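# Here is a sequence with its predicted model. Questions after.
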Amino acid sequence: NAGVTQTPKFQVLKTGQSMTLQCAQDMNHEYMSWYRQDPGMGLRLIHYSVGAGITDQGEVPNGYNVSRSTTEDFPLRLLSAAPSQTSVYFCASSYGGWGSGEAFFGQGTRLTVV
Amino acid sequence: GQQLNQSPQSMFIQEGEDVSMNCTSSSIFNTWLWYKQEPGEGPVLLIALYKAGELTSNGRLTAQFGITRKDSFLNISASIPSDVGIYFCAGQREGAQKLVFGQGTRLTINP
């Protein structure tokens, strides 16, 4: 029962480096999304996908890219890391849309950009 | 961006006390969700509400979908040490595919 799996759990990057945060789910969920969590800010939506081949921007998309080539995977790419992207990143998935109340979250990736 | 106003931001209580927190918005929502996050983990769904006026319980937790559809409340009765964590409300507006989250309520319990 893996659910939503995020890798890595921790990452330190230098400013300007690029990297990909991985997210995979084994529940055959259509909806997947990426959030970032900063102190006092709650969870802010970066990008989301309503199915394979379909992605859209959330609230804070700048500096991030996503793709959804399969139902299972939804990687988040940082093109040129900046200190402002230091945060905890969460991937989530849901079968019937967020209103179904069945959103599952991964354990998070803690990213530090120096 | 659209955010929910969640209060209080933090609570320090004694074990055994009851807890109340709420979430408000200037927009109408058709779904309200309450999540709990423990250190080093992702949020876990506690209660989902789909209908104005709905009152739903999950053990010692009770949540309500406000009649105006612009707010929701979470109550925890007889708190215990494992209730410690950050509680988030989340809502979905009608026709929207995205969830919006409150800023969270950090609950600390003194034994």
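Noted; the coordinates are in hand. Numbering: from 1, shown residues only, chains lettered A, B, ... in the order given.

# in chain A, which spans are helices?
With DSSP state H as the criterion, chain A has no helices.

# I figured A:Gly40 was touching B:Gln103, is that so?
Yes. Between A:Gly40 and B:Gln103 there is a contact at 6.0 Å, judged by C-beta atoms under 8 Å. Where C-beta positions appear, they are placed from N, C-alpha and C, glycine not excepted.

# Contact partners for residue 75?
I'll assume chain A. Going by C-beta atoms under 8 Å, 6 or more residues apart in numbering or on different chains, A:Pro75 touches A:20-23, A:66-67.

# wait, chain B
Residues in contact with B:Asn75 (C-beta under 8 Å, 6+ apart) are B:18-20, B:61-63.

# out of those, who has the most neighbours?
Counting neighbours by other C-beta atoms under 10 Å in any protein chain shown, B:Ala63 comes out on top of the contacts of B:Asn75 with 25 neighbours.

# picking that back up, out of the contacts of B:Asn75, the closest to A:Val113 would be?
Using C-beta to C-beta, B:Val19 is the member of the contacts of B:Asn75 that sits closest to A:Val113, with 36.0 Å.

# Just checking the worst-scoring helix or strand of chain B on mean pLDDT against chain A, any contact.
Across the helices and strands of chain B, mean pLDDT, DSSP states H and E gives its lowest value to strand B:100-101, namely a mean of 88. Yes. Using C-beta under 8 Å from any C-beta of the partner chain, strand B:100-101 reaches chain A at B:100-101.

# Strand partners (parallel or antiparallel) of that strand?
strand B:85-92 (antiparallel) (DSSP bridges).
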